[in-house]
Structure formats: structure tokens, C-alpha cells
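Undergrad: Here is my input; please provide its structure:
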Amino acid sequence: MTLRRCSPLLLGLLLVAGLRAQEARDTSIFLRYLALNGTVEQAGRAVAARRFGEAQRLLEPCLAKVPEHFEAHFLLARMAYEAKDFTGALGHLEVARRSLAELDHLYRDEMAAMKAQVEAEEQAMRASLDNLYSRGADPSGCTAPLFRSKQNALDYYEARKGHLHDRENPFGLPAEYAFLHGNCLYRLGRRSEALDQYRQAVQTDPAHGGAWNNLISLQWEAGAYAQARADLDRAEAARIAIRPDLKQAVLAASASGARPLKQDA
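TA: Numbers count the residues shown, from 1 in each chain. Reported below is the predicted structural model:
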């Protein structure tokens, strides 16, 4: 699993924080995340290498500065899962989800404010340009530089507005979070809830092979053979590698006495 890298997107939020610093809403959380990004990535590499003690030491000061740091809690959830503390892992995932939801809300508000600001400035510039034309100013005469500057400003606003509307929201829930959530629920015997998480994971990332395999396996295990076959077809159409034993079991689901298959975790 590759941790989502937020630094390029968070760099864009520096502009948000700067433009909105004079207002009451606190956007400094984006800057605090950015400041910790290198340490959290280092902790992620330590977790991937199973150096859990090192990762724990790296994350402690991060959590002291941002107690609900979503990536830090996701890494803690991964470590708890490896320690078979599935309930503890779910607790960290809940914090991560809550933090992401709050950041998502703040991000959307800030982006909406920036869009409104740009649109207001664009309208004011258009009105100013229209006023020049209405007064009979000659765009090719001595006022040409003024016309050009205003038109350049309009081009800038148009480009900036498009950039704001096209910007990806960096705080949507990653598929890997839902996948780990599903694995924890499965280990705790909460299979129907786990299936919902795997479904969410493949909706977020249609190329997530682990989630597809676990989703299909859980449906087969529950006797939902038609749904398992339908999802198998969808996964293979998307060129997802399905475990051969799982594929064979789904295709032969009408046979009696089939044994449940072990989930990928």
C-alpha cells in the first residue's frame, strides 16, 4: 500500500491560508499538516519496512502538534492491525475519518470563498473595461496600454477561476482507509459491515485489487453467488487480478459443501 502524498496539494492551500488569514476562520491547520508532512512520510516508510518502534517515535511529536492528524492515525491503525489489535485499529481509523471530514469541510469552504473572490474581481474588471468603452476611449490610441492591462487581468482571472474549479479535493477518504477498515471488521466477525467497506474501497479506487478480491470472497462466503459472479465479471473487465482459487470457487458456486476462502488482509 502506498500512502497518499498530500504535500503538492497542501502546497496549494498555502495560498488559501494567505488570502484568508485576515478572516476569523482558522486555516493554519493546512500549514501545520504541511510542516509535518516529511516526518509522517518518514514514519510511513518505517511502517512499510515493519520498523514499528521507529514509526511510533516519529509519530509521537506529530500527534502532539496535530492530535487528529489523519495520516498519523492511519499509520497507527496499520500497526495495530499487524499486532492483531483490530478494535484499536478501528479506533484510529475513526479518528482519521473524522479528521478528514473536518478538513474536507474547511477546504470546500475556503475554495468556495476563493472562487467567489475571483469572480467578484473579474466582474469588477469587466465593469471597468465596459466603462472605458462606454466613454468612447480608443483601445488602439493612447489608452491602449490601459486596455491591454485590463484584458490581461481578465485573462488571468479566467485562468485562475478554471484552476480553482478543476482542483482535486485532497481530503476525500482514500480507498486504502476503507480497505483496512474492512479487514478489521472482518477479523472482528462483522462481515456485512466489512463488505460495505470493501464496496466503498472499489468505488473510490476501481483498480484496488485487494478490495475486489475480498469483496468477491465475502459474497461467496455469504452465499451471495449471483452478486459474487457479477462482481467477478466487473473486476475482470477492469483487468483486476482475481485469485485463481477464488475465481474457480465463484464459477463453481453451485457445488455443495464448498469451504469458505481465507480473506486477503
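Undergrad: center of this protein, which residue is that?
TA: residue 172 (3.4 Å; CA atoms, centre = their mean).
Undergrad: Kindly tell me how buried the closest residue to that residue other than its chain neighbours is, as a neighbour count.
TA: Computed as CB to CB, 6 or more residues apart in numbering, the closest residue to residue 172 that is not its neighbour in sequence is residue 104, at 6.9 Å. Where C-beta positions appear, they are placed from N, C-alpha and C, glycine not excepted. Residues contacting residue 104 under the criterion other CB atoms under 10 Å number 15.
Undergrad: likewise residue 216?
TA: A count of neighbours around residue 216, defined by other CB under 10 Å, yields 29.
Undergrad: ok, it touching residue 232?
TA: Yes. In this structure residue 216 lies within contact range of residue 232 using CB atoms under 8 Å: 5.4 Å.
Undergrad: Overlap in contacts, these two.
TA: Overlap between the neighbourhoods of residue 216 and residue 232 consists of 242, 250, taking contacts as CB atoms under 8 Å, 6 or more residues apart in numbering.
Undergrad: so where's the stretch 51-200 of the chain uncertain?
TA: Within the stretch 51-200 of the chain, the ranges that satisfy pLDDT under 70 run 157, 160-169.
Undergrad: quick one, helices of it?
TA: Per DSSP state H, counting those that start in this stretch, the stretch 51-200 of the chain carries helices over the ranges 52-65, 70-82, 86-134, 144-166, 175-187, 191-204.
Undergrad: Format these as a markdown table; extra columns: distance to residue 40.
TA: Supplementary listing: the helices of the stretch 51-200 of the chain in a markdown table, determined by distance: least, CB to CB, whole Å:
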| stretch | distance to residue 40 |
| --- | --- |
| helix 52-65 | 6 |
| helix 70-82 | 5 |
| helix 86-134 | 12 |
| helix 144-166 | 27 |
| helix 175-187 | 15 |
| helix 191-204 | 21 |
